[in-house]
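>>> here is the input, now give the coordinates:
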Amino acid sequence: MSKALHIKKTTYRQRLQWLRWSVLPLLLLCYLLGFRKTAAVISEYHKNQRLQQQGALMADSMQVLEKKQEAVARWQQQYLVDSSRLDGAILASINSRCDELGLQFKEYKPLGTSAQDIWTRIVTVEGGFQKILQLIYQLEQQEQQCRIASIKYQNIKDGDNEVLNCSLYIQNVVNKK
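You can find the predicted model right below:
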């Protein structure tokens, strides 16, 4: 008993059709995997681009901050140099004149340098009106160490006594070298 095996002959066209239906899911799978990978690469690219832009902005911000810190440091250095150079002689003179005239030296407050390189300070003294006028005359006319730009008088009542507070706005031109 021999069994005859009949192999059905298939044409190349049929085989190609089977192959097409078996390859099509394979190609679709490769396409999807490739698309996912491409999408991931594109997403990573955009993320890196955003990070680069943020880094550039941060670097610019840091440069601006460093420039401002350098400007503040230069201003502080100039402030210290100007105040020590200009104020030493004037404060010594005001203090000695206040002792001679019987005035009380209350406060010293630097205001800084203006755009025209004028160094301004506030000096507050307490005492009688005529004594304060004598101090102003000695500083501005006799010693000629500074210019008094403005004067502010304030009458303060201390119990039964009234005391005159005078704020002198003293100015000097800063000599830049």
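>>> where does this structure dip in pLDDT?
Scanning the chain for pLDDT under 70 picks out 1-8, 23-24, 76-86, 175-177.
>>> show me the helices in it, by range?
Secondary structure of the chain by DSSP state H: the helices cover 12-101, 129-137.
>>> ok, Trp119 touching Tyr169?
No: assessed by Cβ atoms under 8 Å, Trp119 is found out of contact with Tyr169, at 11.3 Å. Any C-beta I mention is one placed from the backbone N, CA and C, and that applies to glycine too.
>>> got JSON lines for the helices of the chain, with distance to Ala149 and mean neighbour count too?
Below are these laid out as JSON lines (distance: least, Cβ to Cβ, whole Å; neighbours: other Cβ atoms under 10 Å):
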{"stretch": "helix 12-101", "distance to Ala149": "14", "mean neighbour count": "11"}
{"stretch": "helix 129-137", "distance to Ala149": "12", "mean neighbour count": "16"}
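>>> same list (those helices) but as JSON lines, adding distance to Glu143.
Listed next are these as JSON lines, based on distance: least, Cβ to Cβ, whole Å:
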{"stretch": "helix 12-101", "distance to Glu143": "6"}
{"stretch": "helix 129-137", "distance to Glu143": "10"}
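>>> so between Trp119 and Tyr169, which is more surrounded?
Per other Cβ atoms under 10 Å, whichever of Trp119 and Tyr169 has more neighbours is Trp119, with 21 against 16.
>>> who does the more buried one form a beta bridge with?
On the basis of DSSP bridges, Trp119 takes part in beta bridges with Thr113, Asn172.
>>> neighbours around the closest residue in space to Tyr153 that isn't next to it in sequence, how many?
In space, and not counting its chain neighbours, Tyr153 is closest to Cys166: 5.4 Å by Cβ to Cβ, 6 or more residues apart in numbering. Using other Cβ under 10 Å, Cys166 has 22 other residues around it.
>>> relative to Ser22, how far out is Cys166?
Separation of Cys166 from Ser22 (Cβ to Cβ, to the nearest Å) stands at 105 Å.
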